[in-house]
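In: Could you look at this predicted model? Sequence included:
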Amino acid sequence: MAWIRTISPEDAEGPLKDQYEAAVARAGRVYQIVQSMSLAPGILDASMRHFGAIAHAQGGLSRAERELVAVVVSVANECHY
């Protein structure tokens, strides 16, 4: 398993702290997948906006179907996220 230096929620400041607070509001905690981008808050912001646009897009698959696809892909990749 790779080791990536991250900034903990307790040590976050500025835009990263804002992203972490949004993560807690969204999911109840700051998951490691979010913390893995903590050294580049701009990338984290872009990633979260991209995910949000995909998850909440109109037409095509429903939100539940999109979540199901994400779960299946994670299982296929042996990823617990």
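Out: Looks like it arrived, so ask away. Residues are numbered from 1 along each chain as shown.

In: Give me the contacts around the helix-or-strand element of the chain with minimal mean pLDDT.
Out: The helix or strand of the chain with the poorest confidence is helix 63-76; it has a mean of 90 (mean pLDDT, DSSP states H and E). Outside helix 63-76, the residues that touch it by CB atoms under 8 Å, 6 or more residues apart in numbering are 54-56, 61, 80-81. Where you see a C-beta, it was placed from the backbone N, CA and C, and this is true even at glycine.

In: Are any of those residues buried, and if so which?
Out: Buried members of the contacts of helix 63-76, scored by 16 or more other CB atoms under 10 Å: none.

In: what's the most distant pair in these?
Out: H56 and H80 (23.7 Å; CB to CB).

In: all helices of this structure, in order?
Out: Counting by DSSP state H, one finds helices in the chain at the ranges 14-27, 32-35, 41-55, 63-76.

In: Got the confidence number for I33?
Out: pLDDT recorded at I33 is 90.

In: One more: the one 5 residues further on?
Out: Reading off the confidence values, S38 has pLDDT 96.

In: For the residue most central in space within the chain, give its distance to A46.
Out: By CA atoms, centre = their mean, the chain has its centre lying nearest to V34, at 4.7 Å. Applying CB to CB, to the nearest Å, the value for V34 to A46 is 13 Å.

In: do the same with A12
Out: Taking CB to CB, one finds A12 at 17 Å from A46.

In: who's more crowded, those two?
Out: Shown here are A12 and A46; by other CB atoms under 10 Å, A12 has more neighbours (19 against 12).

In: I'd guessed that one sits against M37; true?
Out: No - when contacts are counted by CB atoms under 8 Å, A12 is not listed as touching M37 (11.9 Å).

In: Now for those two: what residues contact both?
Out: With CB under 8 Å, 6+ apart as the test, A12 and M37 reach no residue in common.

In: of the helices of the chain, which approaches W3 most closely?
Out: Among the helices of the chain, helix 32-35 sits nearest to W3 (CB to CB), with 11.5 Å.

In: which residues does G42 contact?
Out: P15.

In: no wait, A55
Out: 63, 66-67.

In: Look up how far E10 lies from it.
Out: Counting by CB to CB - A55 and E10 are separated by 28 Å.
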